[in-house]
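Engineer: Output the structure for:
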Amino acid sequence: MLNISQSSWRSVSLSVLMMITTSVSSQINSALTTEIDEALKSRCLNSNQTAVSVVQVPEGKVIYSRNVQTPLLPASIMKIITTATALHYLGPEYRFTTQFLYTGKRIGRVIQGDLVVRGGGDPKLSSEQLWSIATRIKASGVNEITGNLVIDTHFFDGYDRAPAWDDEGTTQRAYDAKLSPFSINFNTIAVYVSPGVAVGAPLNISLDPAQTYIQAQNLGKTTRGGRYTISVSRNHESLANQASAMSDGVAEEIYVRGSLPVGAKEQVVYLSVNNPTRYAAETFRAFLQQAGVKMNGSIQITSTPVVGTELYNHTSSSLSLILKDLNTYSNNFTAEQIIKTIAADRYGAPGSHAEGLRLSMDFLRLLRIDTQNLTLVDGSGLSRKNRFTAKAMTDLLAAMYPRFDTGPDFLASLRVMGAYGVLSNRLSNSPAHGQIRAKTGSLSGVSTLAGYVASHTGQLFAYALFENQNQCGYTGADRIEDRIITAIHNYGGTSAGSVAQK
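Structural biologist: Purely as a prediction, here's the structure:
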């Protein structure tokens, strides 16, 4: 009679279970590999410039790997690096501060001296907030400023764009806004255009915020019908404009051309401004005057720190909330302001791109991420000089996930795709909808996607998808990425299995 001990039965049972689990997981990983491989066979992709990395978190086990060590253009998923770096050095509760000071003496309701605004890099300061500050200053008992409105910009260095952008041209688009430690409305202005009351009438134009510093030249007409042909542009910076940057008068003009048919809906166009510090200062002065504060002097902008008596401090919302907006709307301006702020906070003013990006690299090395083939030249990913690898991206995602100090805020900064809110239509018909955290990226011929996705069994995976030099168009590239994300959700269902490498 065969006599098998209880311990032997356990050993046999465990071996059989392991064989079954390994077999099932191998089949599942094989299905995932096949699905991703099929997605990457699209003729519009450049096989040498396409990379896919999928790892299980928090274990960091590689699930799929293709060209993961190839340095490629990250486009806007560069903001993931900026987000992680900012949370590490500044902390989730960091708040940008804009200080309002005065020099000289305050006698009764009169400040016999200058009113000073010391910019602190706040990327979310708005004209509405400036209006509120102006009314607060009035309510505090200030009726008159005998001196100048002085803007202290020493918090940042003199570059109003990422230095790497100098060779890549400039635009007037809102996504290409200039930088300043004292900024409002993302350093853009809104131009509202609607048709006149009758055919042949001039178009109706308004600016927000409205002020005399920027004026609109209305060259458009109202038509009986036809296409919308509206174009809005501002004058390019000229010698006259540069000369007026430190004095009063009109420094910028906006030209509205084209036509709108009678009854057409109002159109809004956002333009960046040439001189963001002056733009913010002019807006604030106008609000002070509207609130009843007499301003006797002119606007002066200085990079030298100004000492004064505190009148009011404005603090932003927490960094964690600002980063949520950054990654939801992919705001380049916010990313670049944050990079310079990291440097100013860590090393002292003035903050620069060079120091902020060096801190980003230091942070990656702290996480033991291989930075040998990486190139970081801005915080937003707008430059085509950036280079990142799919492996470095999933290594970063895997490292950030379990961190108690910053991990929850980092994860929450990535928008949910396919459900629950703003910009969530993509992947809404996928079984993975609502189970995806992602940051998108796109440039001409470049599409990227990175973040986390949960499988149908609840396991979590970090992924990085790079499609460089592709000819798929935005929709075609998205379709390939969506297929891969859905495959990870559908087939990434076991914790063991073979690794697919290409």
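Engineer: Every contact and neighbour count from this point should use C-alpha atoms.
Structural biologist: OK.
Engineer: which regions of this protein sit below the pLDDT cut-off?
Structural biologist: For the chain, the stretches with pLDDT under 70 are 1-29, 236-250, 493-502.
Engineer: Show me how the record splits it into domains.
Structural biologist: With automatic domain parsing as the criterion, the domains of the chain are listed as 25-93+319-501, 97-315.
Engineer: From those domains, pick the one with the highest average neighbour count.
Structural biologist: Among the domains of the chain, ranked by average contacts under mean count of other C-alpha atoms under 10 Å, first place goes to domain 25-93+319-501 (a mean of 21).
Engineer: Any idea how far that domain is from the middle of the chain?
Structural biologist: 14 Å (C-alpha atoms, centre = their mean, to the nearest Å).
Engineer: now stretch 290-308
Structural biologist: On C-alpha atoms, centre = their mean, the centre of stretch 290-308 falls 31 Å from the chain's centre.
Engineer: go on, stretch 272-289?
Structural biologist: Here the centre of stretch 272-289 is set off from its chain's centre by 23 Å, with C-alpha atoms, centre = their mean.
Engineer: Enumerate every residue touching residue 78.
Structural biologist: Applying C-alpha atoms under 8 Å, 6 or more residues apart in numbering to residue 78 gives the contacts 379-381.
Engineer: ugh, wrong one, residue 471
Structural biologist: Residues counted as contacts of residue 471 (C-alpha under 8 Å, 6+ apart) are 44-45, 445.
Engineer: Also residue 36?
Structural biologist: Counting by C-alpha under 8 Å, 6+ apart, residue 36 touches 483-484, 487.
Engineer: ok, back up a step: could you single out the nearest of the contacts of residue 471 to residue 140?
Structural biologist: Nearest to residue 140, judged by C-alpha to C-alpha, of those is residue 445 at 54.8 Å.
Engineer: isn't the closest one right up against residue 470?
Structural biologist: Yes - assessed by C-alpha atoms under 8 Å, residue 445 is found in contact with residue 470 at 5.1 Å.
Engineer: Describe which strands the helix or strand hosting residue 466 pairs with in its sheet and in which direction.
Structural biologist: Taking DSSP states H and E as the criterion, residue 466 maps to strand 460-467. Note on strand 460-467: by DSSP bridges, its sheet partners are strand 50-57 (antiparallel), strand 446-454 (antiparallel).
Engineer: May I see those arranged in CSV, with distance to residue 133 as well?
Structural biologist: Shown next, in CSV, are the strands paired with strand 460-467 (distance: least, C-alpha to C-alpha, whole Å):
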stretch, distance to residue 133
strand 50-57, 46
strand 446-454, 39
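Engineer: how about residue 99, secondary structure?
Structural biologist: Classification of residue 99 by DSSP: H, G, I helix; E, B strand; the rest coil places it in strand.
Engineer: what's near enough to touch it?
Structural biologist: Neighbour list for residue 99: 116-120, 310-314 [criterion: C-alpha under 8 Å, 6+ apart].
Engineer: In TSV: those residues, plus secondary structure.
Structural biologist: Converted to TSV, these look like this (three-state DSSP):
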residue	secondary structure
116	strand
117	strand
118	strand
119	coil
120	coil
310	strand
311	strand
312	strand
313	strand
314	strand
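Engineer: Farthest-apart pair in these, please.
Structural biologist: Among those, the pair separated by the greatest distance (C-alpha to C-alpha) is 120 and 311, at 15.5 Å.
Engineer: Quick one, which of the strands paired with strand 460-467 gets closest to residue 228.
Structural biologist: Evaluated with C-alpha to C-alpha, those place strand 446-454 nearest to residue 228, the distance being 30.0 Å.
Engineer: all strands of the stretch 301-450 of the chain, in order?
Structural biologist: Along the stretch 301-450 of the chain, counting by DSSP state E, counting those that start in this stretch, strands occupy 309-315, 415-417, 436-443, 446-454.
Engineer: Just put those in a markdown table and tack on distance to residue 265.
Structural biologist: Listed next are the strands of the stretch 301-450 of the chain as a markdown table, based on distance: least, C-alpha to C-alpha, whole Å:
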| stretch | distance to residue 265 |
| --- | --- |
| strand 309-315 | 37 |
| strand 415-417 | 30 |
| strand 436-443 | 30 |
| strand 446-454 | 33 |
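Engineer: Quick one: closest of those to residue 163.
Structural biologist: Of all those, strand 436-443 sits nearest to residue 163, with 18.9 Å by C-alpha to C-alpha.
Engineer: Counting by contacts, list what that closest one packs against.
Structural biologist: Counting contacts by 3 or more C-alpha pairs under 8 Å, 6 or more residues apart in numbering; DSSP states H and E, strand 436-443 packs against strand 415-417, strand 446-454.
Engineer: circling back to that earlier point, need the contacts of residue 471 in JSON lines with distance to residue 64, can you?
Structural biologist: What follows is these, written out as JSON lines (distance: C-alpha to C-alpha, whole Å):
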{"residue": "44", "distance to residue 64": "21"}
{"residue": "45", "distance to residue 64": "18"}
{"residue": "445", "distance to residue 64": "24"}
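Engineer: returning to that earlier point: nearest to residue 182, of the strands paired with strand 460-467?
Structural biologist: Relative to residue 182, the nearest member of those by C-alpha to C-alpha is strand 446-454, separated by 32.0 Å.
Engineer: Show the contacting residues for residue 393.
Structural biologist: The contact partners of residue 393, by C-alpha under 8 Å, 6+ apart, come to 450, 463-464.
Engineer: Recalculate using a threshold of 10 Å.
Structural biologist: Counting by C-alpha atoms under 10 Å, 6 or more residues apart in numbering, residue 393 touches 53, 68, 74, 77-78, 80-81, 364, 369, 399, 450-451, 462-465.
Engineer: quick revisit: inside helices: which ones of the contacts of residue 36?
Structural biologist: Using DSSP state H, the subset of the contacts of residue 36 located in helices is 483-484, 487.
Engineer: how about the strands of the stretch 51-200 of the chain, start to end?
Structural biologist: With strands called from DSSP E, counting those that start in this stretch, the stretch 51-200 of the chain shows them at 61-66, 97-102, 105-107, 110-112, 115-118, 144-145, 149-152, 188-194.
Engineer: Test my guess that residue 412 contacts residue 326.
Structural biologist: No - the pair residue 412 / residue 326 is not scored as a contact, 11.6 Å apart, by C-alpha atoms under 10 Å.
Engineer: overlap in contacts of those two?
Structural biologist: Overlap of the contact sets of residue 412 and residue 326 (by C-alpha under 10 Å, 6+ apart) consists of residue 320.
Engineer: now, among the contacts of residue 36, which is nearest to residue 435?
Structural biologist: Checking the contacts of residue 36 against residue 435 with C-alpha to C-alpha, the nearest one is residue 487 at 12.6 Å.
Engineer: This protein: helices as residue ranges?
Structural biologist: Under DSSP H, the chain gives helices at 6-39, 78-89, 127-139, 239-244, 276-291, 319-329, 332-347, 353-366, 390-400, 407-413, 473-491.
Engineer: which one of those helices lies closest to residue 101?
Structural biologist: Of all the helices of the chain, it is helix 127-139 that lies closest to residue 101, at 10.7 Å by C-alpha to C-alpha.
Engineer: now, among the contacts of residue 471, which is nearest to residue 350?
Structural biologist: The nearest member of the contacts of residue 471 to residue 350, counting by C-alpha to C-alpha, is residue 445 at 35.8 Å.
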